[in-house]
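Undergrad: any chance you can model this:
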Amino acid sequence: MRRREFLELLAIAGLAGASLRPRISQAQAAGELYDAKPFGNVSLLHITDTHAQLLPVYFREPFGQAFLQKHKIKSGTPLAHALASPDFEALARRYGKVGGFGHMAALVKRLRGTRPHALLLDGGDSWQGSATALWTRGADMMGAQQRLGVDYMTAHWEFTYGQKPVQDSPVKLLAQNVRTADFEDPVFDPYTLRTLNGVAIAVIGQAFPYTPIANPRHFVPDWTFGIQEGLLQRRIDEVREKGAKAVVLLSHNGMHVDLKLAGRVRGLDAILGGHTHDAVPRPVRVGKTLVTNAGSNGKFVAVLDLDVGEGGVKDYRYRLLPVFSRLLDEDKDMARYIEAVRAPYREKLNEKLATTEGLLYRRGSFNGSVDELILQASLKEKDAQIAFSPGFRWGTTLLPGDAITLEHLMDQTAITYPQSTLNELSGESIKGILEDIADNVFNADPYLQQGGDMVRVGGMTYALAPGARIGKRVSDLRLHGKPLEATKRYKVSGWAPVAEGIKGEPIWDVAARYLRATKSVPPLKANRPRLIGVKDNPGLS
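TA: Numbers count the residues shown, from 1 in each chain. Next comes the predicted model:
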């Protein structure tokens, strides 16, 4: 980095409580940025939604200029690049990749050097999202979590490996809302009660409540989930009666659900959230509860310092620290582990399938360019008229000119139910599918939003009114400019079926075949619906 780039780190340093000075070395700059001054007597470190990315990555956020203005973040700074999408390509080349467990481990060790009592909490979605995690069924990530020093975790995509792996997790898994379907017995410990610096603190776990709906039910046939608001209140009261002076929820609900939940239960001091991948620079206060979310893909380590007295939490400091791989040297032990765990797969991972001429990313309410690539592959290879792709928000980013390797393709598709499908559906059925998914994504009640973004659509266009009532959101469905006919049947390809027993070629084989033949992928314009009634919503418009 050049000297002027160090100066631009002032924006982050101010957020972290540091004061970056000119004419200092890169090591000094990193020291001032990451050696956040401790506060209070209880410290919690929080990561979430790393999605099995052991190495540094590029990851484009969906938030635009309105987000930067809201949080008073100067455009073009490292913090702006970490949190938002404007000028992404130029800033990515300037500031480099983010995350990586080697760099994260170095930061965690640095923070624990001044906070030896700190707990490291993982909000889940850690074992899924890469080829090596899929091929080892999460074992590579379990080893990384142990070496990182994760104390407790909760879960979501981890459940797609089945019930036994999460029950046998080497990292203690907390989930107050997962119970047996027969007698409603707890499957996991609902909470932990720890004494830190002489202060009793409780951490309650909240797994993703809609796991059997958003993912295949047959992976967790014996368990029930749900938000379990009443049960959570009883757990909060229970730990308070046992002497907890601070109570924190380690949640994978999603930010929107956590905000509602915070207003409906009593006695929570903070919710450390995950699932929606929101990088929240400052906590949102709901009553007496702080609600946060620490981003995704290893881009951030959140630090919550609490000043807790006999009467409870008196004050706090919160920092969302971006993990810039160019400012943090890799932890040597973690780097050796990552090298060893990836070695058996290196040749396969590095297979070059094609080159991208444009930015490839996935993250947002609607299609990203990498979704468009998968849809085009599905349309061509399946000889379909219309293609659907799930509204997943995980998946890394590639810059123009980058090679698309098998590893990068797997970053977008690595799940345990990857089957591709081809069906004949009527125009009426297609509209019904879009209406059902739109109600899930845009329902006004956060408790009825059951995970994921809007399904990605290829080959056809449609209009969407997110604020309309169910059955009235989707309109003007067209194929090659002509309206879809309600009774006519169309060939529709897709992948990731949640029903049991469906057979089909894995989507990565479909996309890899397409890419090998294509060799060079031109810049792709994402096919997004024509939005109605959202002009005052910068997050959608």
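Undergrad: can we go C-alpha only for contacts and neighbour counts from here?
TA: Will do.
Undergrad: and the helices in the stretch 351-500 of the chain?
TA: For the stretch 351-500 of the chain, the helices identified by DSSP state H, counting those that start in this stretch occupy 369-381, 406-413, 427-442, in order along the chain.
Undergrad: got the angle for the second one vs helix 369-381?
TA: Between the axis of helix 406-413 and that of helix 369-381 there is an angle of 100 degrees, by axes from the mean of the first three to the mean of the last three Cα atoms, to 10 degrees.
Undergrad: also the last one?
TA: In this structure, helix 427-442 runs at an angle of 160 degrees to helix 369-381, with the same axes, to 10 degrees as the basis.
Undergrad: average pLDDT for helix 427-442, rounded please.
TA: Model confidence over helix 427-442 averages 96 on the pLDDT scale.
Undergrad: the domain parsing of the protein - what is it?
TA: The domain map for the chain lists 38-54+115-323, 351-531, with the assignment taken from automatic domain parsing.
Undergrad: could I get these as TSV with distance to residue 78 and mean neighbour count?
TA: Formatted as TSV, the entries for the domains of the chain read as follows, by distance: least, Cα to Cα, whole Å; neighbours: other Cα atoms under 10 Å:
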stretch	distance to residue 78	mean neighbour count
domain 38-54+115-323	9	21
domain 351-531	17	19
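Undergrad: now those domains as CSV including distance to residue 107?
TA: Putting those into CSV (distance: least, Cα to Cα, whole Å) gives the following:
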stretch, distance to residue 107
domain 38-54+115-323, 8
domain 351-531, 22
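Undergrad: so which of the ones you listed is nearest residue 92?
TA: Proximity of those to residue 92 was assessed by Cα to Cα; the nearest stretch is domain 351-531, lying at 8.3 Å.
Undergrad: that older thread, the domains of the chain: which one's closest to residue 64?
TA: Evaluated with Cα to Cα, the domains of the chain place domain 351-531 nearest to residue 64, the distance being 11.0 Å.
Undergrad: what bridges to residue 360?
TA: Here residue 360 sits in beta bridges with residue 398, as judged by DSSP bridges.
Undergrad: oops, could you answer that again for residue 387 instead?
TA: Beta-bridge pairing of residue 387, defined through DSSP bridges, involves residue 458, residue 493.
Undergrad: need the strands for the stretch 251-400 of the chain, in chain order.
TA: In the stretch 251-400 of the chain, the strands defined using DSSP state E, counting those that start in this stretch lie at 270-273, 284-286, 289-293, 300-309, 312-322, 352-356, 386-389.
Undergrad: for residue 297, which of the helices of the stretch 351-500 of the chain is the nearest?
TA: Ranked by Cα to Cα, the member of the helices of the stretch 351-500 of the chain that lies closest to residue 297 is helix 406-413, at 10.9 Å.
Undergrad: distance of the closest residue to residue 101 other than its chain neighbours from residue 426?
TA: Take residue 101 and drop its neighbours on the chain: the residue closest to it by Cα to Cα, 6 or more residues apart in numbering is residue 54, 5.1 Å away. Remark: distance between residue 54 and residue 426 (Cα to Cα, to the nearest Å) = 43 Å.
Undergrad: and what of residue 94?
TA: Residue 94 sits 49 Å away from residue 426 when distances are taken as Cα to Cα.
Undergrad: can you tell me the closest non-neighbouring residue to the residue lying farthest from the centre of the chain?
TA: Here the chain reaches farthest from its C-alpha mean at residue 487, the gap being 38.7 Å by Cα atoms, centre = their mean. Ranked by Cα to Cα, 6+ apart and with sequence neighbours excluded, the top spatial neighbour of residue 487 is residue 426, at 5.5 Å.
Undergrad: next, residue 60: secondary structure please.
TA: coil (DSSP: H, G, I helix; E, B strand; the rest coil).
Undergrad: what's the closest non-adjacent residue to it?
TA: Among residues not flanking residue 60 along the chain, residue 85 sits closest, at 5.9 Å (Cα to Cα, 6+ apart).
Undergrad: show me the contacts for that neighbour.
TA: Applying Cα atoms under 8 Å, 6 or more residues apart in numbering, one finds that residue 85 lies in contact with 60, 61, 62, 63, 64.
Undergrad: now rank those residues by neighbours and give me the top one.
TA: The most crowded member of these is residue 60, carrying 25 neighbours; neighbours defined as other Cα atoms under 10 Å.
Undergrad: residue contacts, that residue?
TA: Taking Cα under 8 Å, 6+ apart as the definition of contact, the neighbours of residue 60 are 84, 85, 88, 361, 362, 363, 396, 397.
Undergrad: the same query, at a cut-off of 7 Å, please.
TA: Residues near residue 60 by Cα atoms under 7 Å, 6 or more residues apart in numbering: 85, 88, 361, 397.
Undergrad: quick one: which of those residues is nearest residue 535?
TA: Top of the list for closeness to residue 535, among those and by Cα to Cα, is residue 85 at 19.4 Å.
Undergrad: how close does the residue nearest to residue 60 sit to residue 319?
TA: Using Cα to Cα, which is the criterion applied here, residue 85 is 21 Å from residue 319.
Undergrad: quick one: residue 44 and residue 201, what's the gap?
TA: Taken as Cα to Cα, the spacing of residue 44 relative to residue 201 amounts to 11 Å.
Undergrad: typo on my end, residue 266
TA: Taken as Cα to Cα, the spacing of residue 266 relative to residue 201 amounts to 16 Å.
Undergrad: among the helices of the stretch 351-500 of the chain, which comes closest to residue 463?
TA: When the helices of the stretch 351-500 of the chain are ranked by proximity to residue 463, the top entry is helix 427-442, at 10.6 Å, counting by Cα to Cα.
Undergrad: list the contacts of the closest one.
TA: Surrounding helix 427-442, the residues in contact under the criterion Cα under 7 Å, 6+ apart are 448-450, 453-454, 466, 470-471, 473-474, 484-489.
Undergrad: from the chain's centre, how far out does it sit?
TA: Distance, stretch centre to chain centre, for helix 427-442: 24 Å (Cα atoms, centre = their mean, to the nearest Å).
Undergrad: for stretch 298-313, same thing?
TA: Chain-centre distance of stretch 298-313: 22 Å, with Cα atoms, centre = their mean.
Undergrad: burial count for residue 532?
TA: As a burial measure, the neighbour count of residue 532 was computed by other Cα under 10 Å and equals 15.
Undergrad: name the nearest residue to it, ignoring sequence neighbours.
TA: Across the structure, with Cα to Cα, 6+ apart as the measure, the residue nearest residue 532 apart from its sequence neighbours is residue 465 (4.6 Å).
Undergrad: the helix or strand hosting residue 514 packs against which elements?
TA: Assigned by DSSP states H and E, residue 514 falls within helix 507-518. Applying 3 or more Cα pairs under 7 Å, 6 or more residues apart in numbering; DSSP states H and E, we find helix 507-518 packed against strand 352-356, helix 369-381, helix 406-413.
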